[in-house]
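Trainee: Curious how this folds, go ahead:
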Amino acid sequence: MTGRTPAAELVADEIGALRAALGARLAVVAPALGVDVDGLTPSEALDRLARSVHASGDASAAWLLFVGVTATFPSTTDLAALRRALLLATPATAMLVVLERTMDVQARIHSGFRTLELVTDEVLVDVDFCARYEHNTGIQRVVRHMVPEWADRADEHRLVAWNQDSTGYRDLTETQRDRVLHWGDRRFEKSDDPSLTDAELRREHVLVPWRTALLVAEVPAFHVCDTLTSIARWSGTDVDLIGYDAIPLVSADTVPNAESERFAHYLTIVKHARRVYGISVSAADEFRGLVAALPSQGLTGPEVVDVTLATEVSPAARAAAAAVSPVPGADPVVLCVGSHEPRKNQDATLFAAELLHREGHRFRIVFVGGGSRTATLHFDRRVAKLSAAGMQVESHRRLGDDELWALFGTARFSVFVSLHEGFGLPVAESLALGVPVVTSDFGSLDEIAREGGCLQVDPRDDTAVVDAMRTMLTDDDRHRELLGEIAGQHPKTWRSYADEIWTAVTA
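Mentor: Numbering: from 1, shown residues only. Coordinates of the predicted model:
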């Protein structure tokens, strides 16, 4: 008989389990810190590790010890507080300092039962958004094209997402891996993701990047930017980023304020990254400009490298487009693809279409792309009004990939007169599917268009947009010339792009 009540027994059992979990985590991090904790109790192990980190003053050691104790990645503030406290401590008080500086995190996150795994010999690839969500434009298309190309390097990299409370990395579920690696194979629903119980959440397995390479393949969520900055600064891991554009900062007037604020925090990661891989020369130049300002803060910043995106489309896309063709005698189809936001300049395209319709030209114009209700409400009302007046105009907000590729199969030309792009996938995809494009005459869009198959315009000049669309509709000889230019192109493959990124990340 112990003399304890059942409730007391449960508390004692839980405390014992927490100590055992802490001991197991410390046993994982101790070899990486060069400390032998074999045969020690959790308290003894923590004391020895704290003394070692105190003596070394090494920031990466403090970072890893914090992870070992809390099973969470520290923020920059958390780690700064721990390091300062250790500098003020003595060897005898080092363990108490560590406990004091981590107790609040453990109490808030309830992470005491978690397990750890140090990842030291694999490239970690952060694909959090693509794994969780069905959104598939721009960045997501890049990730879902690139990552599957590394199938033959499966033993050399690991796909990760953030855990439930965004305090650490975890492996993807089977469904999430499919979202990233096999997007075109089937439809996904959010309900496919199993919900974790509270007990499962408390016992999550955390993957810890330790002196390895981490590729952040997307633009991360606001609330993990500081944690990623801490990893880049303190963990000894080389953090590389795919640099899509600096639009939220340098064209802030065209995006919601929240996007600009998020990007400002994202730039803190950029400051401490090893490399940024610009998806176009234009995008890379934007990041080089940002890096050029860092010496004023006493920072060097990352190396910025041009790794231009692929310009091919998948075999499935080509097949879907080839399966349909323009109907003889039918009005020509004009296609405008892109998420709906001010910088995409769809208002200019719709205005040009309305003017050409009033001139008596017959055509059907189709807009494809999502967007917030704030961005789309006025536009969709205009589309509905013009449609009711007899103009052949449509706007699709939730069109599947197969339906989109089929539209390219019927299109005479596409229009993408954006004011600012990191790359311009809609232009590249249109050309890859053999469809000429009216597009802008500067930046990344000029990089694509100069290869041929495009009529380039100043997107801020409504008359120029109207003239180019009129030429595409009426000048068969010019249209044939553009088709001939497209036929002579050799699109860059996603395999080539993926290989360039892989070679740079593992260099």
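
Trainee: Please verify my assumption that I269 contacts V224.
Mentor: No. I269 sits out of contact with V224 when judged by C-beta atoms under 8 Å, with a separation of 9.3 Å. To be clear about C-beta, it is placed using only N, CA and C from the backbone, and glycine gets the same treatment.

Trainee: These two: which is more packed in?
Mentor: In this view I269 and V224 are compared by other C-beta atoms under 10 Å, and I269 has more residues nearby, 25 against 21.

Trainee: And the host helix or strand of A20, what does it pack against?
Mentor: Element membership of A20, judged by DSSP states H and E, is helix 6-32. Secondary structure elements in contact with helix 6-32, counted by 3 or more C-beta pairs under 8 Å, 6 or more residues apart in numbering; DSSP states H and E, are helix 42-56, helix 59-70, strand 115-119.

Trainee: Paired strands for the last one, with orientation please.
Mentor: According to DSSP bridges, the neighbouring strands of strand 115-119, each with its direction, are strand 205-209 (parallel).

Trainee: neighbouring contacts of the partner strand?
Mentor: Contact with strand 205-209 is made by 29, 64, 67, 71-73, 114-119, 124, 158, 160, 163, 168-171, 231, 235, 237, as judged by C-beta atoms under 8 Å, 6 or more residues apart in numbering.

Trainee: got it, and stretch 264-277?
Mentor: Contacts for stretch 264-277 (C-beta under 8 Å, 6+ apart): 216, 219-220, 222, 225-226, 228-229, 232-233, 238-243, 248-249, 284, 287, 290-291, 294, 297, 299, 301-307, 501, 504-505.

Trainee: Keeping just the C-alphas, turn it into PDB.
Mentor: Extracted C-alpha coordinates of stretch 264-277, given in PDB (Å, rounded to 0.1, in the frame of the first residue of the first chain):
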ATOM      1  CA  ALA A 264       8.700  42.500 -43.700                       C
ATOM      2  CA  HIS A 265       9.000  39.700 -41.100                       C
ATOM      3  CA  TYR A 266      10.100  37.300 -43.800                       C
ATOM      4  CA  LEU A 267      12.900  39.600 -44.700                       C
ATOM      5  CA  THR A 268      14.300  38.900 -41.200                       C
ATOM      6  CA  ILE A 269      14.900  35.300 -42.300                       C
ATOM      7  CA  VAL A 270      16.500  36.600 -45.500                       C
ATOM      8  CA  LYS A 271      19.000  38.600 -43.500                       C
ATOM      9  CA  HIS A 272      20.300  35.500 -41.900                       C
ATOM     10  CA  ALA A 273      19.900  32.900 -44.700                       C
ATOM     11  CA  ARG A 274      22.800  31.400 -46.600                       C
ATOM     12  CA  ARG A 275      21.300  31.800 -50.100                       C
ATOM     13  CA  VAL A 276      18.300  33.000 -51.900                       C
ATOM     14  CA  TYR A 277      17.500  31.500 -55.300                       C
END
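
Trainee: in that stretch, what counts as buried?
Mentor: Neighbour counts over stretch 264-277 (16 or more other C-beta atoms under 10 Å) mark 265-277 as buried.

Trainee: How about the contacts made by D458?
Mentor: 440-441, 464.

Trainee: try R233
Mentor: Per C-beta under 8 Å, 6+ apart, neighbours of R233: 59, 76, 272.

Trainee: 10 Å instead, please
Mentor: By C-beta atoms under 10 Å, 6 or more residues apart in numbering, R233 lies in contact with 59-60, 63, 76, 79-80, 239, 268-269, 271-273.

Trainee: Format the residues you listed as JSON lines; extra columns: pLDDT, distance to R397 and secondary structure.
Mentor: Converted to JSON lines, the contacts of R233 look like this (pLDDT from 0 to 100; distance: C-beta to C-beta, whole Å; DSSP: H, G, I helix; E, B strand; the rest coil):
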{"residue": "A59", "pLDDT": "96", "distance to R397": "48", "secondary structure": "helix"}
{"residue": "S60", "pLDDT": "97", "distance to R397": "47", "secondary structure": "helix"}
{"residue": "W63", "pLDDT": "98", "distance to R397": "44", "secondary structure": "helix"}
{"residue": "T76", "pLDDT": "95", "distance to R397": "39", "secondary structure": "helix"}
{"residue": "L79", "pLDDT": "96", "distance to R397": "43", "secondary structure": "helix"}
{"residue": "A80", "pLDDT": "95", "distance to R397": "45", "secondary structure": "helix"}
{"residue": "V239", "pLDDT": "98", "distance to R397": "35", "secondary structure": "strand"}
{"residue": "T268", "pLDDT": "96", "distance to R397": "34", "secondary structure": "helix"}
{"residue": "I269", "pLDDT": "97", "distance to R397": "32", "secondary structure": "helix"}
{"residue": "K271", "pLDDT": "97", "distance to R397": "37", "secondary structure": "helix"}
{"residue": "H272", "pLDDT": "97", "distance to R397": "38", "secondary structure": "helix"}
{"residue": "A273", "pLDDT": "98", "distance to R397": "35", "secondary structure": "coil"}
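
Trainee: Find the nearest non-adjacent residue to A252, please.
Mentor: Excluding the flanking residues, the one nearest A252 by C-beta to C-beta, 6 or more residues apart in numbering is S260, at 4.5 Å.

Trainee: starting at the chain centroid, how far to the helix or strand hosting R470?
Mentor: If you go by DSSP H and E, R470 is part of helix 462-474. Computed by C-alpha atoms, centre = their mean, to the nearest Å, the chain-centroid distance of helix 462-474 equals 35 Å.

Trainee: Which strands and helices lie in contact with it?
Mentor: Counting contacts by 3 or more C-beta pairs under 10 Å, 6 or more residues apart in numbering; DSSP states H and E, helix 462-474 packs against strand 333-337, helix 346-358, strand 411-416, strand 437-440, strand 454-457, helix 476-487.

Trainee: S430: what's it in contact with?
Mentor: S430 touches 313, 335, 337, 408, 411, 413-416, 424, 436-439, 448, 453-454, 486, counting by C-beta under 10 Å, 6+ apart.

Trainee: quick check: mean pLDDT across stretch 114-124?
Mentor: In this model, stretch 114-124 has a mean pLDDT of 96.

Trainee: ugh, wrong one, stretch 247-258
Mentor: Taken as a whole, stretch 247-258 carries a mean pLDDT of 90.

Trainee: Contact partners for the nearest residue to V53 once chain neighbours are set aside?
Mentor: Nearest non-adjacent residue to V53, counting by C-beta to C-beta, 6+ apart: A61, 4.7 Å away. Taking C-beta under 10 Å, 6+ apart, we find A61 in contact with 29, 32-35, 49, 52-55, 83, 86, 234, 236.

Trainee: shaky segments in the stretch 151-300 of the chain?
Mentor: 185-201 (pLDDT under 70).

Trainee: mind listing the strands for it?
Mentor: Counting by DSSP state E, counting those that start in this stretch, one finds strands in the stretch 151-300 of the chain at the ranges 157-162, 169-171, 205-209, 213-216, 238-243, 275-278.

Trainee: Contacts for the shortest one, please.
Mentor: Surrounding strand 169-171, the residues in contact under the criterion C-beta under 10 Å, 6+ apart are 73, 114, 117, 119, 124, 126, 128, 158-164, 176-177, 204-209, 214, 224, 227, 231.

Trainee: can you do 8 Å?
Mentor: If you take C-beta under 8 Å, 6+ apart as the criterion, strand 169-171 is touched by 73, 124, 126, 158-163, 204-209.

Trainee: give me the element the nearest residue to Q176 once chain neighbours are set aside is part of.
Mentor: Setting aside the residues directly before and after it, Q176 is nearest to A131 in space (C-beta to C-beta, 6+ apart), at 3.8 Å. Following DSSP H and E, one finds A131 within helix 128-132.
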